[in-house]
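Visitor: Mind folding the following:
(2 chains)
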Amino acid sequence: MPLKETQALLALLYTDARFREAFFRTPQDCARQFGLGEAEAETLARIDPAAVARFADCLKGKRALDARKTLPLTHRALGARFDDELFAAIAGAPAPGRHLADAAALARRLARRSAEPDWIGDLARFELAFVAAAARRNCVWLRLFRYPVAEIATGLARGEAPGAHRRPSVGLWLRLFGSRLFYARL
Amino acid sequence: MGDAAAGATEPMETTAAPRAGLGFRPQFCADLFAAREAVDIIEVIADHYLDASREKLAELDLLADHFPVVPHGLDLSLGSAEGIDPAYLRKMARLVARLDPPWWSEHLAFTKAGGVAIGHLAALPYTREAAEAVARNVETVRRAIATPLLLENPTAIALVPGAEMDEPAFLTRVLELTGCGWLCDVTNLYTNAVNHGGDLEAALDRGALDRWALDRWPWERVVQFHIAGGRRLRGLLMDSHDAPTPPEIWALLETILPLARNAQAIVLERDENLPPFGALLEEVARARAIGRRCR
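Guide: Just a heads-up that it's a prediction; the model follows:
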């Protein structure tokens, strides 16, 4: 079996639910689209759908675990809803750098829609800014929030259940030449 | 691509008992330094330090000042037919040079293909073509990193159809082609045997391992062991590294160790659901005791 084409197909099969559904409906057609010949398509069509589903579930679980670690306070605030929101935000195969990409997709989703609590989108963007800034050697970022998000984050970290009122706030993230990350509330 | 390649790990019988240690997690950093006599070796996840801040690298340097530190990679994708990412390899080479370890390790798996980052270790098809792809990639790696590379056997949840050999034959073939040492993950070995109905569990159930099954693995190439606990999920064993090492893994380690005459280290992996540090140290001590008894 040509390995390159087989691996490209497998990577999509493991990570993309829509492709998985299409593959198990017509496995040989899908395999041919990846440049696999008749015999090779027939061989690959024998892959165990239950095993593929289990592996795909593992990968989803791992993405959720990583996203919870990337945005711990957002996870704490959303509780059991975190995974549902994440999976709604990250449909499809992961891109390189998925830890940050998945967290960013969730933050965008939460900021866009009117999720409860109302400040959750701000909180996700706030947490994400620290992680994204830490991944760069240089950054100067100003972020505007609708809520006093730094206070909300502090409250959550202490185990409190913050009920914040709307009050705009600004955060500054600064990092130069890989130095220690500087953050300030403005 | 022969055994004589630079960085190849030639079997070299040793009489010293294997060192016992654990995978580093920042959560127990202070405890680790407080109990440093109880830990002979530390393994770090290389990927956590490839794009690290100065503070994170300072943490690594501090570790390396007090322990032998071996880096363990997750995402080099040594089994990718499309080759390996040169940028990732450069970062790995920098890290290995910084630590100057006795060896470093990666998985016998692929994690990237066709522009998709799978995000976990996917099993290779057990074919000659896949073994040769790994050998080509290892050759590329050796041009950048001369330090001996160990290859770890991963778990395989989804087996790829079209196999030309089984897992022990595939592993043996790859180690022969590359000259690499084996990082034998005992838990993964057991997990695959259980999930795919192999011989190991049946043999353990009978109270003694079947010689035939044991003879098919290249024990003489083992340089390092991994041990860990996992859990069952819908009837399937998962190497989730979130539980204490279970009795069946200790039993398997004890059976294998006398055969692995070149083994130099046993490393406990624990990622989630971390217990008090003392519980991890007890597992490390047990691994050390088994290592001494079996050498």
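
Visitor: hey, let's count contacts and neighbours off CA atoms from now on
Guide: Noted.

Visitor: buried residues in stretch A:44-56?
Guide: Along stretch A:44-56, these residues count as buried under the neighbour rule (16 or more other CA atoms under 10 Å in any protein chain shown): A:44, A:45, A:47, A:52, A:53, A:54, A:55, A:56.

Visitor: correct me, but the second one touches residue A:28?
Guide: Yes - look at residue A:45 against residue A:28 with CA atoms under 8 Å: they come within range, at 6.2 Å.

Visitor: The helix or strand hosting residue A:29 - contacts with which helices or strands?
Guide: Secondary-structure element containing residue A:29, defined by DSSP states H and E: helix A:27-33. Counting contacts by 3 or more CA pairs under 8 Å, 6 or more residues apart in numbering or on different chains; DSSP states H and E, helix A:27-33 packs against helix A:17-25, helix A:38-44.

Visitor: can you give me the helices for chain A?
Guide: Remark: helices assigned in chain A by DSSP state H are A:3-15, A:17-25, A:27-33, A:38-44, A:49-70, A:72-78, A:81-89, A:98-112, A:120-134, A:149-157.

Visitor: so who does the residue most central in space within chain A touch?
Guide: Residue closest to the average C-alpha location in chain A (CA atoms, centre = their mean): residue A:102, at 1.6 Å. Counting by CA atoms under 8 Å, 6 or more residues apart in numbering or on different chains, residue A:102 touches A:63, A:67, A:86, A:89, A:90, A:94.

Visitor: now residue B:76
Guide: So residue B:76 contacts B:84, B:85, B:88, B:89, B:106, B:110, B:111 (CA under 8 Å, 6+ apart).

Visitor: ok now do the first one, which residues does it touch?
Guide: Applying CA under 8 Å, 6+ apart, we find residue B:84 in contact with B:76, B:77, B:78, B:137.

Visitor: swap in the second one?
Guide: Under the criterion of CA under 8 Å, 6+ apart, the neighbours of residue B:85 are residue B:76.

Visitor: for chain A, what are the nearby residues on chain B?
Guide: Applying CA under 8 Å from any CA of the partner chain, we find that chain B lies next to chain A at B:51-55, B:80-82, B:112-120, B:129-130, B:157-162.

Visitor: can you list contacts of the helix or strand hosting residue B:192?
Guide: Following DSSP H and E, one finds residue B:192 within helix B:186-195. With contacts defined as CA under 8 Å, 6+ apart, helix B:186-195 is touched by B:153-157, B:198-201, B:225-229, B:236-239, B:249, B:252-253.

Visitor: Can you report how many residues lie near residue 178?
Guide: Looking at chain A here, since you left the chain open. By other CA atoms under 10 Å in any protein chain shown, the residues close to residue A:178 number 17.

Visitor: ah, I was thinking of chain B
Guide: Using other CA under 10 Å, the number of residues around residue B:178 comes to 26.

Visitor: per-residue confidence at the spatially closest residue to it that is not a sequence neighbour?
Guide: Of all residues not flanking residue B:178 in the chain, residue B:135 sits nearest, at 5.2 Å (CA to CA, 6 or more residues apart in numbering or on different chains). pLDDT recorded at residue B:135 is 98.

Visitor: looking at it, residue B:135 is touching residue B:176, isn't it?
Guide: No - counting by CA under 8 Å, residue B:135 stays clear of residue B:176, with 9.3 Å between them.

Visitor: Enumerate every residue touching residue 144.
Guide: All of this is about chain A. By CA under 8 Å, 6+ apart, the contact set of residue A:144 is A:168, A:169, A:170, A:171.

Visitor: um, chain B though
Guide: B:89, B:90, B:93.

Visitor: now that we're looking at the residue of chain A at minimum distance from chain B, how far away is residue B:130 from it?
Guide: For chain A, the residue closest to chain B is residue A:8, as judged by CA to the nearest CA, at 4.5 Å. Using CA to CA, to the nearest Å, residue A:8 is found at 14 Å from residue B:130.

Visitor: Between these two, point out the one with more neighbours.
Guide: Between residue A:8 and residue B:130, counted using other CA under 10 Å, the more crowded position is residue B:130 (22 against 19).

Visitor: Let me know the helix or strand that that one is in.
Guide: helix B:128-144.

Visitor: okay, the angle between that helix and helix A:3-15?
Guide: Inter-element angle recorded for helix B:128-144 and helix A:3-15: 90 degrees (by axes from the mean of the first three to the mean of the last three CA atoms, to 10 degrees).
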